[in-house]
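# compute the structure for the input listed below.
(2 chains)
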Amino acid sequence: DTGVSQNPRHKITKRGQNVTFRCDPISEHNRLYWYRQTLGQGPEFLTYFQNEAQLEKSRLLSDRFSAERPKGSFSTLEIQRTEQGDSAMYLCASSLGQGRDGNTIYFGEGSWLTVV
Amino acid sequence: SQKIEQNSEALNIQEGKTATLTCNYTNYSPAYLQWYRQDPGRGPVFLLLIRENEKEKRKERLKVTFDTTLKQSLFHITASQPADSATYLCAPIQGAQKLVFGQGTRLTINP
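The predicted structure is shown next:
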């Protein structure tokens, strides 16, 4: 079990550029989540997948944000036309989704985005 | 709207004492509640999950209680150590299994 893996760990981009983050969840975990966290705040929910289906999206997720999980394994989060307000840590998490421990959610180390 | 409040933004405790962190929630009926530890620049690390039908859960020096009447969870670290210094996050879970976090409590254990 290698844990939840996120890439890249750090990204600096110019305003207006597109960025994409990748998340590899723990193998056999059916649920995958994306969160955003800014300094001094708790993580804020963005979206989650059950296998390849995106089941819920937060109102925080503007039209510039899109997340996919095409084969029910890894996921990507793309931000188009980045703005300085997008600067944050983007966290991916996964859970088994079934069984006694199915609700335990495990996080990756996060991907830091700085928009300049 | 659903709201989660953790007792304070920062808590300073002397080494060896018990640290107690509070998590209150409103407009919620969570079936589970999870506690996480987060170090600066790192992702949250899962510590404990407690179910609504469990009054108390323990893991080594950690103890969590869950009072659905008071809508409150308490998180205790006994025999605290400087290495316990971190931000602690509570997150109730309801319905769609997504976590909604409080703002966290930054705990500092002073030697």
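# please count neighbours and contacts with C-alpha atoms only from this point.
Fine.
# pull up the gap between the closest residue to B:D39 other than its chain neighbours and B:L107, please.
Distances taken as Cα to Cα, 6 or more residues apart in numbering or on different chains place B:A86 nearest to B:D39, at 5.3 Å, with adjacent residues excluded. Distance, B:A86 to B:L107, using Cα to Cα, to the nearest Å: 5 Å.
# tally of neighbours for the residue nearest to B:D39?
18 (other Cα atoms under 10 Å in any protein chain shown).
# can you check the pLDDT for B:N7?
B:N7 is assigned a pLDDT of 78 by the prediction.
# contact partners of the lowest-mean-pLDDT helix or strand in chain B?
Least confident element among the helices and strands of chain B, by mean pLDDT, DSSP states H and E: strand B:3-6 (a mean of 87). By Cα atoms under 8 Å, 6 or more residues apart in numbering or on different chains, the residues outside strand B:3-6 that reach it are B:21-28, B:90, B:100-105.
# chain A next: which of those residues are close?
For chain A, the contacts drawn from the contacts of strand B:3-6 by Cα under 8 Å from any Cα of the partner chain are B:100-104.
# tell me which residues form a beta bridge with A:S75?
According to DSSP bridges, the residues that bridge with A:S75 are A:C23.
# same question for B:I50.
Beta-bridge partners, per DSSP bridges, of B:I50: B:L33.
# circling back to that earlier point, so which of the ones next to chain A among the contacts of strand B:3-6 is the most crowded?
B:G104 (30 neighbours).
# and chain A, which of its residues are near chain B?
A:33, A:40-45, A:48, A:91, A:103-110.
# just the buried residues of these.
Burial by neighbour count, 16 or more other Cα atoms under 10 Å in any protein chain shown: within the residues of chain A next to chain B this picks out A:33, A:42-45, A:48, A:91, A:103-110.
# so what strands line up beside the least confident helix or strand of chain B?
strand B:19-26 (antiparallel).
# distance from the chain centre to the partner strand, please.
6 Å (Cα atoms, centre = their mean, to the nearest Å).
# burial count for A:S75?
23.
# among the buried ones among the residues of chain A next to chain B, which two are most distant?
A:N103 and A:G110 (20.3 Å; Cα to Cα).
# which of the three states applies to residue 35?
No chain was given, so I picked chain A. Three-state call for A:Y35 (DSSP: H, G, I helix; E, B strand; the rest coil): strand.
# was I right to think it contacts A:C92?
Yes - A:Y35 lies in contact with A:C92 (Cα atoms under 8 Å); the separation is 6.3 Å.
# neighbour count for the two, which is higher?
Taking neighbours as other Cα under 10 Å, A:Y35 and A:C92 compare with A:C92 leading, 32 against 21.
# contacting residues for that one?
A:4, A:6, A:23, A:25, A:32-35, A:107-108, A:110.
# so where's chain B shaky on pLDDT?
B:95-97 (pLDDT under 70).
# near chain A, which residues of it?
Residues of chain B lying near chain A (Cα under 8 Å from any Cα): B:34, B:42-46, B:49, B:89, B:97-104.
# that concludes my questions; thank you for your assistance.
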